Every structure is written in structure tokens, then in C-alpha cells.
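1. What follows is a protein structure lacking sequence information:
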């Protein structure tokens, strides 16, 4: 059968017209969808900037309904749910993203990271750990390891925390030696509580290995020796502390003086404390020094010198106590009242304050109970700062 070019000439214009009409219909629909989605998106963004989170959530939900395939809207909505504390809804949003087959690898990793954060914020630590492990080898691997380190510390899983810290240090993220030393010290503390002194000694030795300049292992080693009645061993640990971390020695100054008295090493300890006090003056070191000083006149002179250099209610209290002991002029009832007043006034200053969050306590903490930061407590009390 011969091919008729006449019909071909008629079909070409008809196909062009039909194609043009179809494209116009698609463009109109696309424009309507684009107009609806950005309008809802920018409305939600404006509400979010005005701190109207409830209305912003509604606007983002509307935007997602208009354009369910836009992953950025889902991420914005999920993160907003997490900030609001609605962790279950955030988890559902990010799980929905992971279940989609049309998102690329970067978006899938981003959704996995967001889901892990949702689990962590919700207190689902086991699921959070699994979610973070799934990010190994991705662009979020460093963030995931840092989060896992914090997660292990909060759960007091010290051995896994040490392993993660080692991985971070090997990857060049930074130095984690001080942090690992704290982990080993926590292991030693728990071993002592369970009656395993050999395990505690090994843990403290590991703490010294990873951070030779760290203060806490030396503090704990001396305290353990003191509890066991090994006063010379305690003095040796704290002598090393005095050399490597003189700022932290005030934490054990009075215990050091008592150990020196117990093993009759007062003269040597007195010389070391005087040298340390001239280097790093503090009330704790001064009181330990005076505890070993047999001459009352020298004790009073030291207290007066400290008050002149650095006004301190604790030093004033010690001076009044010395005057009571030596029966110098001033009636004792008056001095006792003054001492009580000074004691009350000194109490707010005889505290330690976290440098990160400001949490104050009468006791020194290696890990802040408020912000969970390590070494955020200066070893000196507020009145020495």
C-alpha cells in the first residue's frame, strides 16, 4: 500500500496543537501548586520568626499537604516538632522521610541524623545509639560520635565512652585525653564502691596514662591512700599534684596537712605549703599551712598578710579564732558574735561555681550536675577568684 504524505501533513499540525494544549494545562496546574506551597511555606517561616510556633506548625503542615514530595518542608516540620518537645511527631516525620524511595543519599543521611536526635531527646537511648551507629562513614559520622559520647556519659557507660573518645581523637576531631581520664576515674570510683580495689588501681593508672597532667587521678589516688591509712603514699600523690596542677591542690590542702601530722612530716610539708602559697595563694592552702604552724604569732601574721593582700571573710574568721585561742584583748562574747556573723557572711563565698552554666555548690564536681560539662568547675572557691 502506498504511503500517503497528505495525511502526514495534516497530522503534524494537529499533534503540535494537542501538545501545546497539554503543556498549557500542566503549566497552569504547576503554577497553582507552586503558588499554594510557597505561600504556606513563607507564612510558616514568618510565624516562626515571630515565635508563634503553634501557628507555624499548622502552616508547615499545610505546605507539606500541598507539596508532599518536598523534603525540605518535612525537615523543617520535624525539627520544629523536636524543638517543641513533640518528639513522637518529629520521629514520625523523619521516619516517613527515610521510608521514601525518591530522596537522594544526602537527604537520607540527613533524615537518619535527625531521627537519631529525636530518639536522644525523647530519652530512647538504645534506639538513638542504633540510629547514630547507622551514620558511620557518612558526612554526619563526627556529629554522631560526639552525640554518642554524650549519650554514653549520660548513661554512665564509661568503657563505650572511652572507645568513642578514642575514635574521635584518631579521626583528628581534637584531644579527648582529659575526658578519657575522667572516664577512667569514674570506673575507679565504681570499682571501689563494689569492693574491687585492684580494678580501681588499674583504672587510675590508665587515667594517668591518657592524661599525665590531669588533676583528678592524683587527687583520687591520694584520697584512696588516705582511706587505707597509707599517709606517706597519700603525701606522695599530692606532692605530684602540687607540682603538675598547683591550682587544684586547694581541694586536698587540709587532708595533706592531716597526713603530714599523722606520719610526722610537718616540717617538710610546711615548707612545701609555704612555697605553694606564695605561688598560688588561697584560703584552703593558708588554713592547711596554719594547721602545721606551731607558732601562734606566725599564724596571726599569715592571716593578716592574706587579708591585706586579698580581703577574705574566711581569713578574718581564722584571725578571730586565733585571737580567741591566744586570749588577746576583746571580750570573748563579742568575738564569738563577730565570728558567727563572719561565718554566715562567708558561707555564700565558700562555694564553687560552674564556669559554663553558673551552677553553684558547696562541693567541687569534676562533672557539673547542671550542664554535664567536664572540668567546668574551677578548683578555687568564689572568694579566691
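-> Arrived safely, thanks for sending. From a predicted model like this one, the values you see are computed outputs, not experimental measurements.
2. pull the helix or strand with minimum mean pLDDT from the protein.
-> Counting by mean pLDDT, DSSP states H and E, the chain has its least confident helix or strand at helix 5-49, which shows a mean of 51.
3. can you map out the helices along the stretch 201-350 of the chain?
-> Using DSSP state H, counting those that start in this stretch, the helices of the stretch 201-350 of the chain run over residues 216-227, 231-244, 253-262, 266-279, 283-292, 296-309, 313-326, 332-346.
4. Now do the fifth one: which elements does it pack against?
-> So that's helix 283-292. Helices and strands in packing contact with helix 283-292 are listed as helix 253-262, helix 266-279, helix 296-309, helix 313-326; criterion 3 or more CB pairs under 8 Å, 6 or more residues apart in numbering; DSSP states H and E. To be clear about C-beta, it is placed using only N, CA and C from the backbone, and glycine gets the same treatment.
5. out of the ones you listed, nearest to residue 163?
-> Nearest to residue 163 among those is helix 253-262; the distance by CB to CB comes to 34.0 Å.
6. just to revisit the earlier point, reformat the helices and strands packed on helix 283-292 as JSON lines; add mean pLDDT, mean neighbour count and distance to residue 97.
-> Putting the helices and strands packed on helix 283-292 into JSON lines (pLDDT from 0 to 100; neighbours: other CB atoms under 10 Å; distance: least, CB to CB, whole Å) gives the following:
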{"stretch": "helix 253-262", "mean pLDDT": "96", "mean neighbour count": "20", "distance to residue 97": "57"}
{"stretch": "helix 266-279", "mean pLDDT": "94", "mean neighbour count": "16", "distance to residue 97": "59"}
{"stretch": "helix 296-309", "mean pLDDT": "82", "mean neighbour count": "16", "distance to residue 97": "63"}
{"stretch": "helix 313-326", "mean pLDDT": "77", "mean neighbour count": "19", "distance to residue 97": "59"}
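7. of all those helices, which lies closest to residue 288?
-> Of all those, helix 253-262 sits nearest to residue 288, with 3.8 Å by CB to CB.
8. Could you check the angle the closest one makes with helix 266-279?
-> Inter-element angle recorded for helix 253-262 and helix 266-279: 160 degrees (by axes from the mean of the first three to the mean of the last three CA atoms, to 10 degrees).
9. Make a markdown table from the helices and strands packed on helix 283-292 and add distance to residue 112 to it.
-> Formatted as a markdown table, the entries for the helices and strands packed on helix 283-292 read as follows, by distance: least, CB to CB, whole Å:
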| stretch | distance to residue 112 |
| --- | --- |
| helix 253-262 | 50 |
| helix 266-279 | 52 |
| helix 296-309 | 58 |
| helix 313-326 | 54 |
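10. circling back: rebuild the helices of the stretch 201-350 of the chain as TSV, extending it with distance to residue 369.
-> Supplementary listing: these in TSV, determined by distance: least, CB to CB, whole Å:
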stretch	distance to residue 369
helix 216-227	16
helix 231-244	24
helix 253-262	23
helix 266-279	29
helix 283-292	22
helix 296-309	31
helix 313-326	24
helix 332-346	23
